Structure formats: structure tokens, C-alpha cells
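> I would like to see how this sequence folds:
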Amino acid sequence: MGMVRFGVSLEKDLLTKFDRLIKEKGHANRSKALSDIVRQELVKKEWVEGKEVAGSVIMIYDHHKRELVNKLMDIQHDFNKIIMSTQHIHLDHDNCLEIIAIKGASLQVQKLADFLKAVKGIKHITLGMSSTGKGI
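The predicted structure is shown next:
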């Protein structure tokens, strides 16, 4: 895989803001920052187009809620084809953090996150969208 050089024209103010942003984010140079932006857009495209994706569902919930854990297990079993693994962490006496690693069609992944989010007792869910790496 070779590198290709190409020119980009930007307004001076936009370039100044871009340089400030890449410095804040710790990028080594403009090329690395631009590569990361392009890859992020390609990942978004995979999700929008319903392609096979990878990512994580991160949930915080109160484990004292009646039947919550059983409901979460039932939903996860219904989506066992896209769940790669789970990790359960006790944050304190009342709150648990669960991380679900997923790989599958983006529509199924979103459906899983939506089903989990709808369960009473869930305090917060974040869907971390990434790629299997094949398309980027």
C-alpha cells in the first residue's frame, strides 16, 4: 500500500482552526489528521449502509431493579449472533457497568442498543460505532 501526495486548498481561517485542532488532539501532522477524518467518515458510511460493523454497547444500570438483569440477559440471548463478548463491572453497591462487544449488521446492532435502552432501570447507554477494518 503506497502513499499518494495531493494538494488541498483551504481558506486561511479554516486551515488555522484545523492546525489548532490537530495540535489539541495530538496528531503528528496534517496528513495523519486528515487520514483519521477520512477513516471516520468511511466508518460512518459503513453504519449508514447497513454493512457489517464492530463496536460496543456500554450500559450503566441499577442492579437492584426487579427483573432487570434477567431482562438484559434475555435480550442479549436474542442477539447472540452479533454479541462477541460481555464484561460486567461493579461500579459501587448500586451501579453496574456492562460492556458488550458486537460485530454484525449495523441495523441489528442499533436494534440491540435500542432494545437495551428501553429496559426500565437502565441509566445510560452509549453505542460505540467502529468498523471491522475491512472497508477502511
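> can we go C-alpha only for contacts and neighbour counts from here?
OK.
> Show me which residues of the helix or strand harbouring residue 109 are buried.
For residue 109, the element it lies in under DSSP states H and E is helix 106-117. For helix 106-117, burial by neighbour count (16 or more other Cα atoms under 10 Å) applies to 106-109, 112-113, 116-117.
> I'd like to know how far residue 126 sits from residue 56.
Remark: distance between residue 126 and residue 56 (Cα to Cα, to the nearest Å) = 8 Å.
> and these two? which has more neighbours close in?
Taking other Cα atoms under 10 Å, residue 126 and residue 56 do not tie; residue 56 has more neighbours (22 against 13).
> what's the helix or strand for residue 58?
Per DSSP H and E: residue 58 is located in strand 52-62.
> and that strand, average pLDDT?
Here strand 52-62 scores 96 as its mean pLDDT.
> How many residues are close by residue 99?
Using other Cα under 10 Å, residue 99 is surrounded by 18 other residues.
> Can you report how many residues lie near the residue nearest to it when sequence neighbours are not counted?
Nearest residue to residue 99, sequence neighbours excluded (Cα to Cα, 6 or more residues apart in numbering): residue 58, at 4.6 Å. Look at residue 58: counted by other Cα under 10 Å, it has 18 neighbours.
> so what's residue 58 up against?
By Cα atoms under 8 Å, 6 or more residues apart in numbering, residue 58 lies in contact with 97-100, 125-128.
> Closest to residue 26 out of the buried residues of helix 106-117?
Proximity of the buried residues of helix 106-117 to residue 26, judged by Cα to Cα, is greatest for residue 106, which lies at 30.2 Å.
> Report the contact partners of the closest one.
Per Cα under 8 Å, 6+ apart, neighbours of residue 106: 46-48, 50-53.
> average pLDDT for stretch 65-72?
Mean pLDDT, stretch 65-72: 91.
> Got the domain ranges for this structure?
If you go by automatic domain parsing, the domain ranges for the chain are 12-48, 52-131.
> Could you look over the ones you listed and pick the most buried one?
Among those, ranked by average contacts under mean count of other Cα atoms under 10 Å, first place goes to domain 52-131 (a mean of 16).
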